[in-house]
Each structure stands twice: as C-alpha cells, then as structure tokens.
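K.L.:
Coordinates only, no sequence provided:
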C-alpha cells in the first residue's frame with residue numbers, strides 16, 4: 001500500500017487517543033483548545049466521540065444545533081460537494097459538533113471510511129487551511145473513527161489514569177501507530193502521555209508525583225516503560241478543572257486548588273506543544 005497524501009497544509013493537527021475510556025481525553029483537549037484560542041490562535045475542535053463531551057463543554061450539555069454540520073458529514077463521499085459548516089463558539093475557536101450516531105461508523109466493515117475524513121476536511125470544509133490548529137477528540141478503543149483521526153493528525157497524545165490497565169492501554173495504542181505511519185500517514189508522531197485524575201499529588205525532587213504508594217508504583221512503571229520524555233504532565237482530580245472546562249473556560253480563581261489546577265493544565269499544554 002502506498003502512502004496516502006497528507007493534508008495540504010496548513011493547520012497543525014493533534015488527535016487525542018487512548019484505548020481506555022474515562023481518562024480525560026475531552027477535558028485535556030478542551031483545555032488545549034481554550035489555551036490556544038486565548039493566545040490568539042485559530043482553532044478547530046472536532047468531536048468524534050459518540051458521547052459528545054467536547055461538544056457539551058462548548059455548546060452546552062446535549063445541545064446540538066441544526067444550523068451547523070456534525071461530524072457524520074466527515075464520512076460522506078468527499079465528492080458529494082456538501083459544504084461542512086462549523087459552529088464559531090468564539091472568535092478564534094470553532095467546533096464541528098459531535099453526534100451520537102458516529103458510533104455506527106465504528107461498526108462498519110467499509111474500510112474506505114477511514115480515508116474520507118481527511119479528504120472532507122481538505123475539500124469540503126471552507127477555510128480549513130486558515131486554522132492554526134485542529135484538535136480531534138476520539139472515543140475509547142481503536143475503531144474506525146480513531147483510525148480516521150490518526151490518518152489526519154501530525155501528533156497524537158494520550159491521557160491516562162493510574163489504573164492497573166494503564167500500561168497495557170498505552171501499549172495497545174502504540175502498536176497501531178507503526179503500521180499507520182508506514183502505510184497511511186508518515187507524518188504521525190506520538191507525543192506521549194499525560195497522567196490525569198490523580199486523587200492527590202505531592203512534590204518530590206522537584207516533580208509532582210502521586211501521593212498514594214499504589215498510584216506511585218503505576219506512575220513509575222509508566223515512566224519506566226515509555227520514558228521520562230514521554231510524560232507530558234501530571235494533573236490532579238480537581239473540582240476547578242471540571243467546573244471551568246465543562247463550561248468552555250480556562251481555570252481561574254485565587255484558591256490553592258484553582259491555582260494548582262491552572263498550573264498543571266498550563267504545564268501539560270506547554271510540554272505537548274513543545275514536543276517535536
């Protein structure tokens with residue numbers, strides 16, 4: 001199989017993917033989008049998760065707006081000529097809203113589906129090349145929509161929690177990246193993982209590490225297996241993050257928890273964006 005043509009410029013495309021569910025994919029991607037747009041970058045968010053958490057964060061819980069397209073249009077025939085209309089949720093931040101039926105594409109045996117998203121973004125989304133960043137949220141697992149996102153992306157990162165299945169989950173993802181790079185997207189790179197939703201953190205030798213011994217053991221195994229350079233950050237389970245991100249805003253406030261939350265998200269975004 002030959003290499004598929006990469007997207008014709010110009011956005012930098014990040015996908016978030018972890019086979020394990022409930023680890024903070026939508027939360028961290030939302031934070032990244034907010035941070036970039038606050039810095040004046042033009043950002044497109046794409047919600048491929050059938051739960052639609054990314055859409056809920058920026059449009060409101062279970063709000064779907066008929067005047068705008070949804071992600072199922074990314075899997076139509078690219079030569080259909082149907083223009084994809086995004087929701088400008090704010091000046092520099094646009095959203096291609098999710099739809100619960102996107103899960104149907106993961107059950108399809110039509111393998112041409114995974115190539116259609118790339119072509120539709122390039123050909124049927126007006127102004128695609130004007131975005132600085134495109135951020136793609138994905139569901140748990142390694143289904144068709146995850147494959148489609150990886151074919152479009154330059155970088156993919158993985159949130160993970162400190163569950164005993166964390167290492168196996170990341171290993172499962174990294175196994176599929178090599179054949180995608182070889183046959184479908186030679187530009188794809190794994191940027192690393194961010195440990196999320198840690199119950200409590202402590203400072204140790206200048207780093208934030210989990211407080212609980214059992215959590216710290218998994219933390220150490222993750223770093224040992226994937227390398228210290230692959231660790232993009234450690235984020236505690238904090239109410240200010242849930243409150244702010246679920247309303248599409250950055251974390252603010254003078255309380256210690258809010259300050260720590262903002263710093264942890266800031267460090268994650270910085271580390272991710274600086275990875276080459």
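P.N.:
Sure, I can see it. What you see is a predicted model; the values in this text were computed from it and never measured.
K.L.:
Residue 14 contacts residue 156, correct?
P.N.:
Yes. Under the criterion of C-beta atoms under 8 Å, residue 14 makes contact with residue 156 at 7.2 Å. In this view, the C-beta of every residue, glycine as well, is placed from N, C-alpha and C.
K.L.:
Common neighbours of these two, please.
P.N.:
residue 191 (C-beta atoms under 8 Å, 6 or more residues apart in numbering).
K.L.:
OK, contacts around residue 196?
P.N.:
Contacts of residue 196 (C-beta under 8 Å, 6+ apart): 23, 24, 27, 28, 159, 160, 161, 235.
K.L.:
Chain neighbours aside, what residue packs nearest to it?
P.N.:
Nearest non-adjacent residue to residue 196, counting by C-beta to C-beta, 6 or more residues apart in numbering: residue 24, 3.8 Å away.
K.L.:
coming back round to it: buried ones among the contacts of residue 196?
P.N.:
Buried members of the contacts of residue 196, counted by 16 or more other C-beta atoms under 10 Å: 23, 24, 27, 28, 159, 160, 161, 235.
K.L.:
just these now: which is nearest residue 60?
P.N.:
Comparing the buried ones among the contacts of residue 196 against residue 60 with C-beta to C-beta places residue 27 closest, at 16.4 Å.
K.L.:
Can you tell me the closest non-neighbouring residue to the closest one?
P.N.:
residue 245 (5.3 Å).
K.L.:
Tell me how many other residues crowd that neighbour.
P.N.:
As a burial measure, residue 245 scores 25 neighbours (other C-beta atoms under 10 Å).
K.L.:
so it sits right up against residue 31, yeah?
P.N.:
Yes. With contact defined as C-beta under 8 Å, residue 245 and residue 31 form a contacting pair (5.8 Å).
K.L.:
Find the residues that touch each one of these two.
P.N.:
By C-beta under 8 Å, 6+ apart, no residue touches both residue 245 and residue 31.
K.L.:
Helices along the stretch 51-200 of the chain, start to end?
P.N.:
53-59, 103-106, 113-124, 144-152, 166-183 (DSSP state H, counting those that start in this stretch).
K.L.:
now the second one: mean pLDDT?
P.N.:
By that I understand helix 103-106. Regarding helix 103-106, the rounded mean pLDDT is 91.
K.L.:
other SSEs contacting that helix?
P.N.:
If contacts are counted by 3 or more C-beta pairs under 8 Å, 6 or more residues apart in numbering; DSSP states H and E, helix 103-106 sits against helix 144-152.
K.L.:
and the angle for the helix it packs on with helix 113-124?
P.N.:
50 degrees (axes from the mean of the first three to the mean of the last three C-alpha atoms, to 10 degrees).
K.L.:
ok, residues contacting helix 144-152?
P.N.:
So helix 144-152 is contacted by 4, 7, 13, 15, 17, 46, 48, 74-75, 102, 105-106, 108, 111, 113-118, 121, 134, 136, 138-139, 156, 176-177, 180, 184-185, 188 (C-beta under 8 Å, 6+ apart).
K.L.:
And it, how far out from the chain middle?
P.N.:
12 Å (C-alpha atoms, centre = their mean, to the nearest Å).
K.L.:
For that helix, list every residue counted as buried.
P.N.:
In helix 144-152, counting by 16+ other C-beta under 10 Å, buried: 144, 145, 146, 147, 148, 149, 150, 151, 152.
K.L.:
same thing with stretch 228-235?
P.N.:
230, 231, 232, 233, 234, 235.
K.L.:
Narrow these to those in strands?
P.N.:
231, 232, 233, 234, 235 (DSSP state E).
K.L.:
what's the farthest-apart pair in the contacts of residue 196?
P.N.:
The span of these, defined through C-beta to C-beta, is set by 27 and 160 at 12.7 Å.
K.L.:
I'd like the ones in strands among the buried residues of stretch 228-235 laid out as a markdown table, including pLDDT.
P.N.:
Putting those into a markdown table (pLDDT from 0 to 100) gives the following:
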| residue | pLDDT |
| --- | --- |
| 231 | 97 |
| 232 | 98 |
| 233 | 97 |
| 234 | 97 |
| 235 | 98 |
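K.L.:
Alright, I will stop here.
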